[in-house]
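Please work out how this folds:
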Amino acid sequence: MQFRQQALAKLQSPEELDLPVRFARPQGWLTLSVTIVVMAAASVWAVTGSVASTVGAPAILTHGQGSYLLQSPVAGQVTAVLAEQGERLPADSPVLKVRTADGDTIVRTVAAGRVTALAATIGQIIQTGANVAAVEKVAHAKDPLYATVYLPAGNAAAIPDGAAVDLTVQSVPTEQYGVLRGRVTSVDRGAQSAQSIAAFLGDSQLGEQFTKDGRPVAVLVRLDTSKETKSGYRWSSEDGPPFTIASMTLADASVRLADERPVDWLLP
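Reported below is the predicted structural model:
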């Protein structure tokens, strides 16, 4: 009965036709305006914007031509080590003396470079083809360093020329000196085997390490140079580390891939 009385009372009351009708409050107009602006901005970004992504991969700092493994052409006993680790030698320089049944043989460098490792010692018996040294192909001390990044093969097509690369160098405290900057110079589209990596770096263990998750592609990165840093290269910090960076130094690379469109529009 109470609701019926209220309904009858409302019907008997005159209509308030002289009062203005309020369609929305100012707060409502403000909310609507903000919503329209946000939707418009999102639509524009969906059409013209792009999303930057990166991929991480192991890397190593080397000179551009890499290294090679020096092998003994004969079998015999090592009687003398004629080179020192870290020594820079011209091509055809003596490295080892090996005594064979036919006399002494000198094992010589194939190309000019710096001896990064000596695998033979005096008195050791070696076989033909044994690895006796690793030589980095660098003729001059001031030859620039490069970074070789061993990237998963599936990401190779997404790397544009000149892509930015950040390198976390293992021998440099990142929280203090930041990361090393560089740009992609070339991408080797062929997958690298453990043997090919070992031949380029002069280290069979690194060949196994860089292929443990599959055969990668090699990405050559030119390091950005700077006259303001001790190392001669540009870092994310102002000065970088107060020491030079040696070749064959391991690093972790973050490579920027090609920008992707956030929305793919489907047209009928």
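
do you know how far the nearest residue to K137 once chain neighbours are set aside is from T100?
With C-beta to C-beta, 6 or more residues apart in numbering as the criterion, K137 has its nearest non-adjacent residue at 3.9 Å, and that residue is Q65. Heads up, the C-betas are built off the backbone N, CA and C, glycines and all. According to C-beta to C-beta, to the nearest Å, Q65 and T100 sit 32 Å apart.

Between those two, which has more neighbouring residues?
Q65 (16 against 13; other C-beta atoms under 10 Å).

Now the more buried one, what are its backbone angles?
For Q65, the backbone dihedrals are phi -90, psi 0 (criterion: degrees, to the nearest 10).

Which parts of the protein are strands?
Listed in chain order, the strands of the chain (DSSP state E) span 54-63, 67-71, 76-81, 88-89, 94-100, 103-108, 113-118, 125-126, 131-136, 145-152, 164-169, 180-187, 216-223, 249-256.

Those strands: which one's closest to A198?
Across the strands of the chain, the minimum distance to A198, taken as C-beta to C-beta, is reached by strand 67-71, at 7.2 Å.

Residues touching the closest one, excluding its own?
Identification of contacts with strand 67-71 by C-beta atoms under 8 Å, 6 or more residues apart in numbering yields 95, 107, 109-111, 113, 116, 129-137, 198-204, 248.

are any of those residues buried, and which?
95, 107, 109, 111, 113, 116, 130-137, 198-204, 248 (16 or more other C-beta atoms under 10 Å).

residues near the nearest residue to R88 once chain neighbours are set aside, how many?
Among residues not flanking R88 along the chain, R114 sits closest, at 4.7 Å (C-beta to C-beta, 6+ apart). Residues contacting R114 under the criterion other C-beta under 10 Å number 21.

So in terms of bridging, what pairs with R114?
R88, E136 (DSSP bridges).

cool, V184 as well?
What pairs with V184, by the bridge criterion (DSSP bridges), is V221.

Report pLDDT for it.
Listed pLDDT for V184 reads 93.

Distance of it relative to T174?
Taken as C-beta to C-beta, the span from V184 to T174 is 21 Å.

The two: who's more crowded?
V184 (21 against 16).

distance of the more buried one from P73?
From V184 over to P73 the distance is 39 Å, taken as C-beta to C-beta.

Okay, and the beta partners of V169?
If you apply DSSP bridges, the partners that V169 bridges to are A251.

shouldn't it be in contact with A246?
No - counting by C-beta atoms under 8 Å, A246 is not a contact partner of V169; they are 10.2 Å apart.

Tell me which of these two has more neighbours.
Under the criterion of other C-beta under 10 Å, the comparison of V169 against A246 puts V169 first, with 24 against 11.
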